[in-house]
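**Q** 3D model of this:
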Amino acid sequence: MIKNGSYLLKKLNKIKFSILLVLISFLFGCKSVPQKTYVEPLNLLDNESTFYVAIPKSVDPELVKKIITTNVQDISEKDADLIASRIEKIYCGINKSKKGIELQGSIKANIPTSYVPKVFNKRNGWNEGVVSGSTEEFKYYSNDSINIAFPSSNIVCLGRGLPYMINTYDVLAHEPVKEITEPNANVNKSELPDELYDYLLNATDEIRFYANKPQSFLSVLTGANLDLKLVQVSGSFVVDQKHTSQYILELNFDFKNEKYLRAGKGLLSLAFGLANGQTEVIENTKLVVKDIRNKKEQLYKILTVGA
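**A** Sure thing, here's the model as predicted:
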């Protein structure tokens, strides 16, 4: 009995020692995963678009879902609803040319990485590829119409310039954490001018847009080919709570000079049927037009790229 007890004790000590070695190896042999810096999705857009828009989902969830179903071919209603439910805000840059319309999108969302391959797979018509960042590789998914990537669970990138967006994300995500002290820090690390960056970033309870070549936008908006000699147009719109099938718009027109403003004001008054109280001239070349009501479907033609 004593011999057996001594043998068992030795055996038990060996087991304890083995467990201790495993724990030591685990603690000192494993490398900790470095914490990445928060990246604001707006920082991933380049400065090569002619039309920019910021869309908080809370303003118009229907529009967010339309953007998904329009740009992600053959996505099921269920998957579109699930993705839309996890989106907080969409930033887009849009170009229109003779070749068609190009979209560059950077989306603030909360989409689990485990969910991505369930939707973006070969069975659903998606091919998988890899984009090399400055420090690591990132998967992306493509079909006949668009490229899309999920560099983190909080960001979705899609459309034109995907390698640029991924590389920009990789660089910003590996900056020292102290450079961006909080998730909502207003730090412009994009190619966009500071004024435009701040304007889009601070869109919280309205959809905001900016166009530096606004002719196409105005043609869709007014249904007429107006030559207004504009430098740029910006503005915002919210859903009309009395008539939810339309938006209420405020537009800011920046004309090349005072002469063009006077002529443009008359043309816009005719196009929109404006009353006196709806317009205001600022600094001789800037015209603000308020309380324009426009059907959602008309603006969806611009914002959903092909709807």
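
**Q** distance of residue 237 from residue 268?
**A** 16 Å (Cβ to Cβ, to the nearest Å). For the C-beta atoms, the positions are set from N, CA and C on the backbone; glycine is no exception.

**Q** What of residue 195?
**A** 24 Å.

**Q** These two: who's more crowded?
**A** residue 268 (22 against 11; other Cβ atoms under 10 Å).

**Q** Correct me if wrong, but the more buried one is in a strand.
**A** No. The assignment for residue 268, made by DSSP: H, G, I helix; E, B strand; the rest coil, is helix rather than a strand.

**Q** okay but it is in contact with residue 278, surely?
**A** No. The pair residue 268 / residue 278 is not scored as a contact, 9.7 Å apart, by Cβ atoms under 8 Å.

**Q** in the stretch 1-150 of the chain, which spans are helices?
**A** 2-29, 61-71, 77-85, 116-119 (DSSP state H, counting those that start in this stretch).

**Q** ok, now the stretch 151-300 of the chain?
**A** Under DSSP H, counting those that start in this stretch, the stretch 151-300 of the chain gives helices at 162-173, 194-201, 215-222, 258-272, 296-303.

**Q** Now the last one - C-alpha only, CSV.
**A** Right, the one you point to is helix 296-303. The C-alpha trace of helix 296-303 is given here as CSV (Å, rounded to 0.1, in the frame of the first residue of the first chain):
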residue,chain,number,x,y,z
LYS,A,296,-37.9,60.2,-53.2
GLU,A,297,-37.8,58.2,-56.4
GLN,A,298,-36.3,61.1,-58.2
LEU,A,299,-33.4,61.4,-55.9
TYR,A,300,-33.0,57.6,-55.6
LYS,A,301,-31.9,57.7,-59.3
ILE,A,302,-28.8,59.6,-58.1
LEU,A,303,-28.2,58.0,-54.7
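
**Q** who does that helix touch, helix- and strand-wise?
**A** strand 51-56, helix 61-71, helix 215-222, strand 246-255 (3 or more Cβ pairs under 8 Å, 6 or more residues apart in numbering; DSSP states H and E).

**Q** Mind doing that once more with 7 Å?
**A** Identification of packing neighbours for helix 296-303 by 3 or more Cβ pairs under 7 Å, 6 or more residues apart in numbering; DSSP states H and E yields helix 61-71, helix 215-222, strand 246-255.

**Q** The longest one to helix 77-85, inter-axis angle?
**A** Counting by axes from the mean of the first three to the mean of the last three Cα atoms, to 10 degrees, helix 61-71 lies at 120 degrees to helix 77-85.

**Q** And the pLDDT for residue 274?
**A** Confidence at residue 274, expressed as pLDDT, is 73.

**Q** can you tell me how far it sits from residue 268?
**A** 7 Å.

**Q** Please enumerate the shared neighbours of these two.
**A** residue 289 (Cβ atoms under 7 Å, 6 or more residues apart in numbering).

**Q** How is this protein divided into domains?
**A** Here the domain parsing of the chain from automatic domain parsing is 32-192, 214-307.
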